[in-house]
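S.K.: Predicted model and sequence follow; I will ask about them next.
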Amino acid sequence: MEAVAPSKEVSDIIKEEGGDTFKLCWQCSLCATACPWNTVRSFIIPRMLRQAQFGLVDFENEEWWLCATCKACVRRCPRGVEIIDIMRAMRRAIVEFGVAKVPDSLRIAVKNISGVGNPLGEPTEKRTDWAKDLGIKAYTKGTEILYFSCCIPAYDPQVKRIAQATANVLKKIGVDFGILGTKEVCCGESARKAGQESLFQSLAQSNIAAFTEAGVKRIVVTSPHCYNAFKNEYPELGGNFEVIHFSQYLAELIKEGRLKFTQELNKKVTYHDPCYLGRHNNIYDEPRQVLKSIPGLELVEMPEYRENSLCCGGGGGRIWMETKKGERFSDLRLEQALEVGASILAIACPYCMLNFLDSVLTLDKSNVIEVKDIAEMVLEAL
């Protein structure tokens with residue numbers, strides 16, 4: 001039985017989210033051919049858009065929670081329909097009207113973010129545990145760089161090595177940087193894509209206030225999701241800061257002559273373009289420039305790369321939801337990396353790191369390929 005919210009309310013939310021352009025949809029199905037879900041199962045986007053247009057929506061349909069907001073469909077659309085905005089609008093309608101159940105794992109992550117400021121539900125005071133014994137100072141006015149690690153490297157024991165490598169690179173080069181520690185909370189980007197608009201606004205206002213009070217001017221981030229939130233979404237709420245992804249910052253340091261390598265890394269490496277760094281923000285060259293600058297490193301490309309990169313499956317809140325075995329994009333991507341003979345799969349996103357580490361384990365490939373963040377490889381080569 002369909003769970004249908006009042007058509008006018010659904011339509012209002014879609015317009016508010018910027019998805020009113022869906023009226024331009026030609027039903028050409030190019031979005032469906034671009035969607036990575038259709039490599040592992042059926043996912044009929046045009047049909048869902050048409051339902052949304054008339055407010056005749058089955059909110060109980062699990063497909064509303066499948067979209068990883070990778071933006072492949074938007075890139076392919078000849079009419080410029082912002083399909084991601086429509087998905088976000090429908091999820092927001094589900095959340096605000098209470099017309100259907102939110103997936104359990106997502107509901108728990110959202111509850112954790114709302115309660116303690118991070119999806120893992122860890123105590124706030126542990127946010128800087130990753131930085132223990134590294135000698136990192138608290139950010140104060142006049143400090144050149146604020147480093148924002150993202151919740152996953154801050155709390156997840158498998159991924160904290162990314163934040164640690166980043167900080168150690170900055171220290172070795174002599175960059176003046178600091179962290180805000182317990183004053184920062186989740187950026188809220190994925191929560192917003194999961195329909196949690198009011199939570200996103202609260203998180204954004206909290207971070208904006210903390211950044212402003214500390215006198216922050218320039219923010220270096222590890223996560224493309226934080227990058228997207230700070231650069232593209234916070235300004236609408238009054239948060240205007242210079243935001244740079246760490247791969248961009250490394251490329252900048254290399255160009256200025258401040259970053260010089262002394263060690264060879266004789267490995268064949270392939271780089272995975274994260275959706276929120278690539279398709280969402282058009283950052284493709286800098287990560288490759290950094291990798292190519294490392295002595296001895298051989299960079300090889302997978303069949304799907306840059307604009308055509310295959311999503312790892314972690315965007316849009318999917319990182320907190322269960323994905324059935326046989327439907328994991330990260331498994332397909334890891335196989336692509338193996339096919340080109342890479343011994344290292346280089347990443348630039350904590351969500352990608354989590355998914356690929358899981359794929360290496362479940363596919364039993366730990367003896368043939370490693371997953372490493374660019375920061376880790378740079379640190380090895382210094």
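M.R.: Looks like it arrived, so ask away.

S.K.: distance of the spatially most central residue of the chain from Cys150?
M.R.: Computing the C-alpha centroid of the chain and ranking residues by Cα atoms, centre = their mean puts His225 first, at 3.6 Å. Shown here: His225 relative to Cys150, a distance of 7 Å by Cβ to Cβ, to the nearest Å. Heads up, the C-betas are built off the backbone N, CA and C, glycines and all.

S.K.: anything in contact with each of the two?
M.R.: Cys187 (Cβ atoms under 8 Å, 6 or more residues apart in numbering).

S.K.: for the host helix or strand of Ala167, which positions count as buried?
M.R.: Assigned by DSSP states H and E, Ala167 falls within helix 160-173. Buried residues in helix 160-173, counted by 16 or more other Cβ atoms under 10 Å: 160-170.

S.K.: Report the distance from that helix to the chain centre.
M.R.: Its chain's C-alpha centre and that of helix 160-173 lie 20 Å apart, by Cα atoms, centre = their mean, to the nearest Å.

S.K.: mean confidence score for stretch 117-126?
M.R.: For stretch 117-126, the mean pLDDT works out to 96.

S.K.: hmm, back to that, got a list of contacts for the helix holding Ala167?
M.R.: Against helix 160-173 from outside (Cβ under 8 Å, 6+ apart): 129-131, 134-136, 145, 147, 149-150, 153-154, 177, 220, 222, 246, 250, 253, 258-259, 350, 353, 373, 375-376, 378-379, 382.

S.K.: one step back: SS state for the residue nearest to the centre of the chain?
M.R.: Secondary structure, DSSP: H, G, I helix; E, B strand; the rest coil: His225 is helix.

S.K.: So it is in contact with Tyr276, correct?
M.R.: Yes. Assessed by Cβ atoms under 8 Å, His225 is found in contact with Tyr276 at 5.3 Å.

S.K.: shared neighbours, the two?
M.R.: Overlap between the contact sets of His225 and Tyr276, as judged by Cβ under 8 Å, 6+ apart, is given by 189, 315, 349.

S.K.: Kindly reformat those as TSV and extend each row with neighbour count.
M.R.: Shown next, in TSV, are these (neighbours: other Cβ atoms under 10 Å):
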residue	neighbour count
Glu189	29
Gly315	27
Cys349	31
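
S.K.: Name the nearest of these relative to Gln27.
M.R.: Closest approach between the shared contacts of His225 and Tyr276 and Gln27, by Cβ to Cβ: Gly315, at 24.9 Å.

S.K.: filter the contacts of helix 160-173 to the buried ones?
M.R.: 130-131, 136, 145, 147, 149-150, 153-154, 177, 220, 222, 246, 250, 253, 259, 350, 353, 373, 375-376, 378-379.

S.K.: Sitting in helices, which of those residues do you find?
M.R.: Taking DSSP state H, the ones among the buried ones among the contacts of helix 160-173 that sit in helices are 153-154, 246, 250, 253, 350, 353, 375-376, 378-379.

S.K.: Could you identify the most distant pair in these?
M.R.: Ala154 and Leu253, at 23.3 Å, using Cβ to Cβ across these.

S.K.: Going along the chain, name the helices of the stretch 201-350 of the chain.
M.R.: Taking DSSP state H, counting those that start in this stretch as the test, the helices found in the stretch 201-350 of the chain are 224-228, 246-256, 285-293, 329-339, 350-362.

S.K.: how much space between the closest residue to Lys101 other than its chain neighbours and Val99?
M.R.: Once flanking residues are discounted, Lys101 sits nearest to Glu60: 7.7 Å by Cβ to Cβ, 6 or more residues apart in numbering. Remark: distance between Glu60 and Val99 (Cβ to Cβ) = 8 Å.

S.K.: Among these two, which residue is more densely surrounded?
M.R.: Val99 (19 against 13; other Cβ atoms under 10 Å).

S.K.: C-alpha coordinates for the helix holding Ala167, PDB please?
M.R.: Presented in PDB, the C-alpha positions along helix 160-173 are these (Å, rounded to 0.1, in the frame of the first residue of the first chain):
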ATOM      1  CA  LYS A 160      42.500   7.800  12.000                       C
ATOM      2  CA  ARG A 161      45.700   7.100  10.200                       C
ATOM      3  CA  ILE A 162      44.600   9.600   7.500                       C
ATOM      4  CA  ALA A 163      44.300  12.500   9.900                       C
ATOM      5  CA  GLN A 164      47.600  11.500  11.500                       C
ATOM      6  CA  ALA A 165      49.400  11.300   8.200                       C
ATOM      7  CA  THR A 166      48.000  14.700   7.200                       C
ATOM      8  CA  ALA A 167      49.100  16.300  10.400                       C
ATOM      9  CA  ASN A 168      52.600  14.800  10.200                       C
ATOM     10  CA  VAL A 169      53.000  16.000   6.600                       C
ATOM     11  CA  LEU A 170      52.000  19.500   7.700                       C
ATOM     12  CA  LYS A 171      54.400  19.400  10.700                       C
ATOM     13  CA  LYS A 172      57.400  18.200   8.600                       C
ATOM     14  CA  ILE A 173      56.900  20.900   6.000                       C
END
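
S.K.: Could you break this protein into its assigned domains?
M.R.: 7-97, 104-251, 261-381 (automatic domain parsing).
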